[in-house]
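1. Sequence and computational prediction follow.
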Amino acid sequence: MRVSTLAIAAVFAAALAGALPAAAADPLRALARTAGIRFGAAVDVEVLGKDAAYTQLLAREFDLVTPENALKFSVVQPERGRFDFTQADALVAFAETHDMQVNGHVLVWHQQLPDWLTQGHFGRDELKTILREHIQTLVTRYRGRVASWDVAAEAVAEDGRLRETFWSRGIGPDYLDLAFRWAHEADPQARLRYNDYGGEGGGAKSDGIYDLMIALRRKGTPIHGVGLQMHLSLQDAPPAREVRINMKRLAALGLETPITEMDVMLPVPASRTRLKKQAALYRDMLQACLAVPQCRSFSTWGVTDRYSWIPEHFPGQGAALLFDTDDRPKPAAGSLGRLLRATASTGRKVSR
Ligand code: XIL
């Protein structure tokens, strides 16, 4: 009686172990390493260290971090000449103790700018001085510790032309070339990127980004990659084949093509059917990445649905990430894990 109870208990335990989520046994970051890429997440530094479950999940599953807001202009330079690196310093220190890379985000962008800047009525020369000081203060501080920077973001409009922004109006279209040169001066080793959404596959915006890259290359701008943000919904996602083709043409210019901010928003509460479709979409995009050697990292915009930016910015939507509001791996985490594991055993199937 006693023996059989034990035996049943053993079988039961084994079955339970088999049913454990893949993430518990095989962290995505470990699987990604064996498949030859890094696995990243945007980090809410206000939560880091305060929420133990969040912090553990981040450390276990990811080996590349991007500050979600900590290095944005309004956060890091809230008053002219006063820099606040409290949050960014904490993230970089965390990354160093957890064998993670850091991607700096973002040096020149038209959002999250402080009022002193947007309402300051600065002339062109003064604006150039302000931007140069901003960029060089940040990049110099983290020289050798932040491996890559999103130097410029969202500079291309939906029609493929240069977007009219605070920066393009104030400095002129060459603000982009200048920003990359200033960043490169401050840390010649850092990988410098342009980062955008909505141009991941084909179309006018994607072509506009491509043309911009050609123009910058011709000028000798020190730029090393184009980040594909990949903020998707089930209805609005580019075909993975187009993403791969787009990555390949950028790679042919000598650029890296990381996926930098993937999430897939769903109407909440999310149905099982939609969670499965979400898993397939995540898998397809990772597969596109794995088919292009210049795609060396895959990042999601957040760690868990508990703190995702989606519900606040897209009311009625959420459930966009790989881990649910209780930090449990979702079908998408499983599908990425399986693809990474398969890739580790067969090698990357690089497409021609
Ligand atoms: C978002 C943050 O996640 C939010 O917390 C913030 O309120 C607004 O910005 N593309 C980007 C990110 O490059 O910087 C944005 O981050 C999301 C879209």
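-> Received the coordinates, thanks. These numbers were taken from a predicted model, which means no experiment stands behind them. Numbering: from 1, shown residues only.

2. Contact residues of the stretch 201-350 of the chain facing the ligand?
-> Counting by Cβ under 6 Å from any ligand atom, the stretch 201-350 of the chain comes close to the ligand at 229, 261, 309. (Glycine included, C-beta is placed from N, CA and C.)

3. Tabulate the residues you listed (JSON lines), appending secondary structure and pLDDT.
-> Compiled in JSON lines, those are given as follows (DSSP: H, G, I helix; E, B strand; the rest coil; pLDDT from 0 to 100):
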{"residue": "Q229", "secondary structure": "coil", "pLDDT": "99"}
{"residue": "E261", "secondary structure": "strand", "pLDDT": "99"}
{"residue": "W309", "secondary structure": "coil", "pLDDT": "98"}
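
4. ok, and the most crowded of the residues you listed?
-> Neighbour tally across those (other Cβ atoms under 10 Å): the maximum, 25 neighbours, falls on E261.

5. now that one: how far from S299?
-> 6 Å (Cβ to Cβ, to the nearest Å).

6. in the stretch 201-350 of the chain, what residue is nearest the ligand?
-> W309 (3.3 Å; Cβ to the nearest ligand atom).

7. quick one: that residue and Q317 touch, right?
-> No - the pair W309 / Q317 is not scored as a contact, 10.6 Å apart, by Cβ atoms under 8 Å.

8. Quick check: nearest residue in space to A32, chain neighbours excluded?
-> F39 (3.8 Å; Cβ to Cβ, 6 or more residues apart in numbering).

9. shaky segments in the stretch 1-150 of the chain?
-> For the stretch 1-150 of the chain, the stretches flagged by pLDDT under 70 are 1-25.

10. Show me which residues of it sit near the ligand.
-> Counting by Cβ under 6 Å from any ligand atom, the stretch 1-150 of the chain comes close to the ligand at 68-69.

11. In the stretch 1-150 of the chain, which residue sits nearest the ligand?
-> Going by Cβ to the nearest ligand atom, the ligand is nearest to E68 of the stretch 1-150 of the chain, at 4.7 Å.

12. sorry, back to before: out of the residues of the stretch 201-350 of the chain next to the ligand, flag the one nearest to R124.
-> Using Cβ to Cβ, Q229 is the member of those that sits closest to R124, with 29.4 Å.

13. That closest one and W182: what is the separation?
-> Counting by Cβ to Cβ, the gap from Q229 to W182 is 23 Å.

14. Look at R296 and say how many residues are nearby.
-> Number of residues near R296 (other Cβ under 10 Å) recorded here: 18.

15. Test my guess that it contacts I37.
-> Yes - if you go by Cβ under 8 Å, R296 and I37 touch, sitting 5.5 Å apart.

16. Where do the strands of the chain begin and end?
-> Using DSSP state E, the strands of the chain run over 38-43, 64-67, 101-108, 148-153, 191-196, 225-228, 231-233, 259-267, 297-300, 317-318.

17. Report the central residue of this protein.
-> Centroid-nearest residue in the chain, with Cα atoms, centre = their mean: T260, separated by 2.7 Å.

18. isn't that residue right up against G227?
-> Yes - applying Cβ under 8 Å as the test, T260 and G227 come out as touching, 3.7 Å apart.

19. Overlap of the contact sets of those two?
-> 150, 193, 195 (Cβ atoms under 8 Å, 6 or more residues apart in numbering).

20. Neighbour count added to the residues you listed, as JSON lines?
-> Formatted as JSON lines, the shared contacts of T260 and G227 follow (neighbours: other Cβ atoms under 10 Å):
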{"residue": "D150", "neighbour count": "25"}
{"residue": "R193", "neighbour count": "28"}
{"residue": "N195", "neighbour count": "24"}
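
21. which one of these is nearest Q87?
-> Within the shared contacts of T260 and G227, the smallest distance to Q87 is 16.5 Å, found for D150 (Cβ to Cβ).

22. what bridges to the closest one?
-> H105, R193 (DSSP bridges).

23. and it, what is it in contact with?
-> 66, 103-107, 193-195, 227, 260.

24. ditto for D26
-> Applying Cβ under 8 Å, 6+ apart, the residues contacting D26 are 337, 341.

25. any low-confidence regions in the stretch 151-300 of the chain?
-> For the stretch 151-300 of the chain, counting by pLDDT under 70, not a single residue falls below.

26. just the helices in the stretch 201-350 of the chain please.
-> 204-219, 240-251, 272-290, 310-313, 331-346 (DSSP state H, counting those that start in this stretch).

27. got TSV for those helices, with distance to W116 and mean neighbour count too?
-> What follows is those, written out as TSV (distance: least, Cβ to Cβ, whole Å; neighbours: other Cβ atoms under 10 Å):
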stretch	distance to W116	mean neighbour count
helix 204-219	29	17
helix 240-251	36	20
helix 272-290	39	20
helix 310-313	25	14
helix 331-346	41	18
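
28. Now render those as CSV, adding distance to T165.
-> Below are the helices of the stretch 201-350 of the chain laid out as CSV (distance: least, Cβ to Cβ, whole Å):
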stretch, distance to T165
helix 204-219, 14
helix 240-251, 22
helix 272-290, 28
helix 310-313, 19
helix 331-346, 33
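
29. Any idea which of those helices gets closest to L28?
-> Ranking the helices of the stretch 201-350 of the chain by distance to L28, with Cβ to Cβ as the measure, places helix 331-346 first at 6.0 Å.

30. For that closest one, give the mean pLDDT please.
-> For helix 331-346, the mean pLDDT works out to 96.

31. can you pick the most crowded of the contacts of D150?
-> That'd be T260 among the contacts of D150, by other Cβ under 10 Å, with 30 neighbours.

32. related to what we said a few turns ago, and the residue of the stretch 201-350 of the chain closest to the ligand, what does it touch?
-> Applying Cβ under 8 Å, 6+ apart, the residues contacting W309 are 68, 301-302.
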